[in-house]
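Enquirer: quick one, fold the following:
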Amino acid sequence: VNKRKVQKSDFTFSGTEGKADYPISNLFDDDNSKLYIPSIENSASFNNSITISFKKTYNLEAFLISTPLNANNGLKGFPRVVAVYTSTGNQQLSLKTTFIANPFNTWNKIQYVFTEPILCDNLKLEFYDLYGDSKNPIIAGLVFLEKQETLKITGTTGLYNYSGYVKSHAINPSEFTYSG
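Expert: Prediction:
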């Protein structure tokens, strides 16, 4: 995960100010025990959200959110629905996808994987349908993951396509022992 993680220094963020001991900065401090709890409750006319402005365009494959697990409240406040809005350049944010999660009380991190990587430099996460009787989302440890480039495997080319070359460079089995 760390190789693909977008570093905190590579974006800025904004959202509803957090309650006194639960600021929005807790989301990105790599301590999953520190929660973000917005000071304004979700309502019929308002849903809390977080907006990210990346310093460059990223090809995102997924994001992770840590759950607010504790002995007394389970997943209280964890969003069942997360709407993802994205844009590039000066374009207006538009809805890209909506995730619906039904995590178990024992899960401590949820991975949201896009069906296809998303190219963006602005992203907004909007939180709906909260667990328990909480009107405030309660989340921690928000991490964005870049798409990992894969190597393209092709057929043999060049000298390796010539069987005489391969045979002349192969080690004779009589020159080594093996077991297995």
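
Enquirer: please, where are all the helices along the chain?
Expert: 163-169 (DSSP state H).

Enquirer: contacts only, for the closest residue to Thr97 other than its chain neighbours.
Expert: When the adjacent residues along the chain are set aside, Thr97 lies closest to Val84, with 5.1 Å between them (Cβ to Cβ, 6 or more residues apart in numbering). (C-beta placed from N, C-alpha, C; glycine too.) Contact analysis of Val84 by Cβ atoms under 8 Å, 6 or more residues apart in numbering lists 95-99, 112, 114, 118, 123-125.

Enquirer: I'd like these as a markdown table, with distance to Ile138 and pLDDT appended.
Expert: Formatted as a markdown table, these follow (distance: Cβ to Cβ, whole Å; pLDDT from 0 to 100):
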| residue | distance to Ile138 | pLDDT |
| --- | --- | --- |
| Leu95 | 24 | 97 |
| Lys96 | 24 | 96 |
| Thr97 | 23 | 96 |
| Thr98 | 20 | 96 |
| Phe99 | 17 | 94 |
| Tyr112 | 17 | 93 |
| Phe114 | 24 | 95 |
| Ile118 | 25 | 95 |
| Leu123 | 21 | 97 |
| Lys124 | 19 | 98 |
| Leu125 | 14 | 97 |
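
Enquirer: wait, which of these is closest to Pro23?
Expert: Closest to Pro23 out of the contacts of Val84 is Leu125 (16.8 Å), distances taken as Cβ to Cβ.

Enquirer: show me what the residue nearest in space to the middle of the chain is bridged to.
Expert: For the chain, the residue nearest the mean C-alpha position is Phe63 (1.2 Å; Cα atoms, centre = their mean). Beta bridges link Phe63 to Tyr112, Phe144, judged by DSSP bridges.

Enquirer: any of the contacts of Val84 buried? List them.
Expert: The neighbour-count test (16 or more other Cβ atoms under 10 Å) marks 96, 99, 114, 118, 123-125 as buried among those.

Enquirer: of all those, which comes closest to Phe11?
Expert: Leu123 (8.7 Å).

Enquirer: where are the low-confidence patches of the protein?
Expert: Judged by pLDDT under 70, the chain has its weakly predicted residues at 1, 69-74, 105-106, 150-151, 180.

Enquirer: try 90 this time
Expert: Residues of the chain meeting the criterion pLDDT under 90: 1-4, 29-34, 65-80, 101-110, 129-134, 138-140, 148-180.

Enquirer: could you report the separation of the closest residue to Thr57 other than its chain neighbours from Leu142?
Expert: Distances taken as Cβ to Cβ, 6+ apart place Asp121 nearest to Thr57, at 4.6 Å, with adjacent residues excluded. Distance of Asp121 to Leu142, given as Cβ to Cβ, to the nearest Å: 17 Å.
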